[in-house]
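Trainee: Test case, fold it:
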Amino acid sequence: MIKKTFTHLLGFAFVAGLNLYAPLSAAATLTLEASAKAQVNNDEMVVMLAIERDGNDLAALNQAVLQALNSGLEEAKKVAQVKARLGNVSTNPNWNAQGRPSGWKVRGEIVLTSGNLAGLGKLAGDLSQRLQLGSIQFRLSDEARNMAEKKLLLEAANAFRARSKEAATALGFNGYTIKDLNLNNGYNVTVRPMAMARGKMETMSSAPVPTESGDSEVQVTFNGSIDLK
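Mentor: As a prediction, the model looks like this:
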């Protein structure tokens, strides 16, 4: 749900070569920009959990990490509306103080995504007893972002037309025609990185991960040029 729409950001400037002292009947080109933006409730949560193991037996390390990841993925399948996938899995050598190889480090990740924030928050809390919380990200779903952009698109278009008409009238012209026009949109995502403990983790409480999702800023901007006439 769109919570607040800010005032349009509007501006215009004469293109290079425009003679400010030319008769008002002469042709002129003007550049314009009009934006509309709003704060929209994030409705999707993405959690990354990881596991790291260090040691000399590479086969045993790989087996331990993969078993933990598969267990987490199986548990995630039991929670409604949660999408789970395997993330990065890497194997790297450890080095001692003399700069020589000293065993191995194996690390793996799983990524969980859901619009069921409460369900995913509880699942992440449960999994954090044996996996490390890597990051929590709140964002807009494609559906929510498209709905917000659709509303802002009309608002920004109306603002561009109004500004064009105002500029033409202020400069003594009768009207305008659009010469070229560009549409830009975008939004900001909230990412909360988590501290990553190394090695085996202590047993943790299975309290749910906080799910205060916050807002994302969605913005639609028209910029282009018009011919005054």
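Trainee: give me the number of residues near residue 117?
Mentor: 20 (other C-beta atoms under 10 Å). In this view, the C-beta of every residue, glycine as well, is placed from N, C-alpha and C.
Trainee: Grab the nearest non-local neighbour of it.
Mentor: residue 211 (4.2 Å; C-beta to C-beta, 6 or more residues apart in numbering).
Trainee: would the one you found count as being in a helix?
Mentor: No: applying DSSP: H, G, I helix; E, B strand; the rest coil, one finds residue 211 to be coil, outside a helix.
Trainee: Which SSE is immediately downstream of the lowest-mean-pLDDT helix or strand in the chain?
Mentor: None of the helices or strands of the chain scores lower by mean pLDDT, DSSP states H and E than strand 9-14, at a mean of 40. Next helix or strand after strand 9-14 toward the C-terminus (DSSP states H and E): strand 28-41.
Trainee: The residue nearest to residue 117: how many residues sit nearby?
Mentor: 17.
Trainee: Before we move on, what's the pLDDT of it?
Mentor: pLDDT recorded at residue 211 is 87.
Trainee: Please apply the same query to residue 15.
Mentor: 39.
Trainee: How about residue 100?
Mentor: The model's pLDDT for residue 100 equals 87.
Trainee: for residue 41, same thing?
Mentor: Looking at residue 41, its pLDDT stands at 92.
Trainee: go on, residue 81?
Mentor: In this prediction, residue 81 has a pLDDT value of 95.
Trainee: go on, the one 4 residues further on?
Mentor: Reading off the per-residue confidence, residue 85 sits at a pLDDT of 96.
Trainee: how many neighbours does it have?
Mentor: 11.
Trainee: which residues pair with it across the strands?
Mentor: residue 111 (DSSP bridges).
Trainee: residues in contact with it?
Mentor: 73, 110-111 (C-beta atoms under 8 Å, 6 or more residues apart in numbering).
Trainee: among those residues, who's most crowded?
Mentor: residue 110 (26 neighbours).
Trainee: What distance do you get for the nearest residue to that residue once chain neighbours are set aside to residue 136?
Mentor: Leaving out its chain neighbours, the residue that sits closest to residue 110 by C-beta to C-beta, 6+ apart is residue 72, at 5.0 Å. Distance from residue 72 to residue 136, counting by C-beta to C-beta, to the nearest Å: 16 Å.
Trainee: where does this protein have low pLDDT?
Mentor: Low-confidence segments of the chain, defined by pLDDT under 70: 1-26, 187-206.
Trainee: all helices for it, in order.
Mentor: Taking DSSP state H as the test, the helices found in the chain are 58-76, 117-127, 142-170.
Trainee: hmm, back to that, how many residues are close by the residue nearest to residue 110?
Mentor: Quick note: residue 72 (other C-beta under 10 Å) scores 24 neighbours.
Trainee: quick one: contacts for it?
Mentor: With the criterion set at C-beta under 8 Å, 6+ apart, residue 72 makes contact with 49, 84, 110, 127, 130-131.
Trainee: thought residue 48 was touching residue 87?
Mentor: Yes: with contact defined as C-beta atoms under 8 Å, residue 48 and residue 87 form a contacting pair (6.3 Å).
Trainee: shared neighbours of those two, anything?
Mentor: 109-111.
Trainee: Residue 28: which of the residues you listed is nearest?
Mentor: residue 111 (53.7 Å; C-beta to C-beta).
Trainee: Residue 48 and residue 87: which is more packed in?
Mentor: Neighbour totals were compared for residue 48 and residue 87, and residue 48 leads with 21 against 15 (other C-beta under 10 Å).
Trainee: Quick check: closest non-adjacent residue to the more buried one.
Mentor: In space, residue 48 is closest to residue 134, 4.0 Å off (C-beta to C-beta, 6+ apart).
Trainee: Since that was my last question, I'll sign off now.
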